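Novice: got a structure for you, letters missing:
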């Protein structure tokens with residue numbers, strides 16, 4: 001078979017396929033239009049959802065930033081007049097209370113966003129500063145249960161501080177053992193071991209020394225290892 005004949009056969013085949021497709025579309029015009037409409041509808045819904053999500057993320061970030069501005073505002077210092085135009089608070093507790101109200105609003109309004117989850121975490125911290133242990137524990141546990149790994153571990157280490165503050169050392173120890181078994185970038189194992197040794201300094205000094213010694217020997221180049229070495233010297 002010569003080249004010209006092969007090209008002619010291939011051309012005829014393409015024409016047949018095209019004619020078949022056109023014939024199917026003609027016979028199933030309404031079905032083809034329906035399928036196209038569905039595809040276009042799905043694309044429109046998908047794009048709209050993405051745009052809405054991005055808009056919500058933007059709103060949440062702005063609201064969270066405003067709450068953080070309050071949380072980071074300076075506290076009045078005796079004998080030091082505030083700078084003109086700078087918002088200050090008479091005490092850390094009053095600042096925490098003002099920030100808490102905004103963090104709670106962001107968490108309630110934008111709970112499914114990253115900013116909303118971060119706001120819930122800071123709501124827990126500000127409850128602690130306000131002395132509301134029950135609300136702090138409930139809020140931080142929500143973050144620990146539903147946040148990503150890093151945010152959950154930050155909530156857990158905050159709970160450790162809360163438990164120690166309230167004299168619940170056994171609960172703090174259990175939480176730290178969990179964090180040691182499942183370290184994260186936000187809460188590395190060295191940090192959790194230092195916290196655990198800090199508790200044992202009061203209740204089991206020998207155990208504290210053992211933890212400090214392990215950190216000193218295995219993490220010589222880390223901050224945790226250096227702190228552990230200092231702690232060992234202070235305990236001798």
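Specialist: Here it is on my side, so go on. This structure is a prediction, so every number in the text was calculated from the model and none was measured.
Novice: which element is the residue nearest the centre of the chain on?
Specialist: By C-alpha atoms, centre = their mean, the chain has its centre lying nearest to residue 151, at 4.1 Å. Applying DSSP states H and E as the criterion places residue 151 in helix 149-165.
Novice: Which stretches in the protein count as helices?
Specialist: 3-27, 29-71, 92-109, 114-130, 133-146, 149-165, 169-181, 189-203, 205-218, 223-235 (DSSP state H).
Novice: quick one, domains of the chain?
Specialist: 45-75+87-147, 149-236 (automatic domain parsing).
Novice: In JSON lines, list the ones you listed along with distance to residue 81 and mean pLDDT.
Specialist: The way it works is simple: take the backbone N, C-alpha and C, and place the C-beta from them, glycine included. Converted to JSON lines, those look like this (distance: least, C-beta to C-beta, whole Å; pLDDT from 0 to 100):
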{"stretch": "domain 45-75+87-147", "distance to residue 81": "10", "mean pLDDT": "89"}
{"stretch": "domain 149-236", "distance to residue 81": "33", "mean pLDDT": "92"}
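Novice: Surely residue 106 and residue 61 touch.
Specialist: No - Residue 106 sits out of contact with residue 61 when judged by C-beta atoms under 8 Å, with a separation of 9.5 Å.
Novice: and for these two, which residues touch both?
Specialist: When C-beta atoms under 8 Å, 6 or more residues apart in numbering defines a contact, the residues bordering residue 106 and residue 61 alike are residue 115.
Novice: Who has more neighbours out of these two?
Specialist: residue 106 (28 against 17; other C-beta atoms under 10 Å).
Novice: Distance check, that one against residue 74.
Specialist: 22 Å (C-beta to C-beta, to the nearest Å).
Novice: can you check residue 121 too?
Specialist: For residue 121 relative to residue 74 (C-beta to C-beta), the value is 22 Å.
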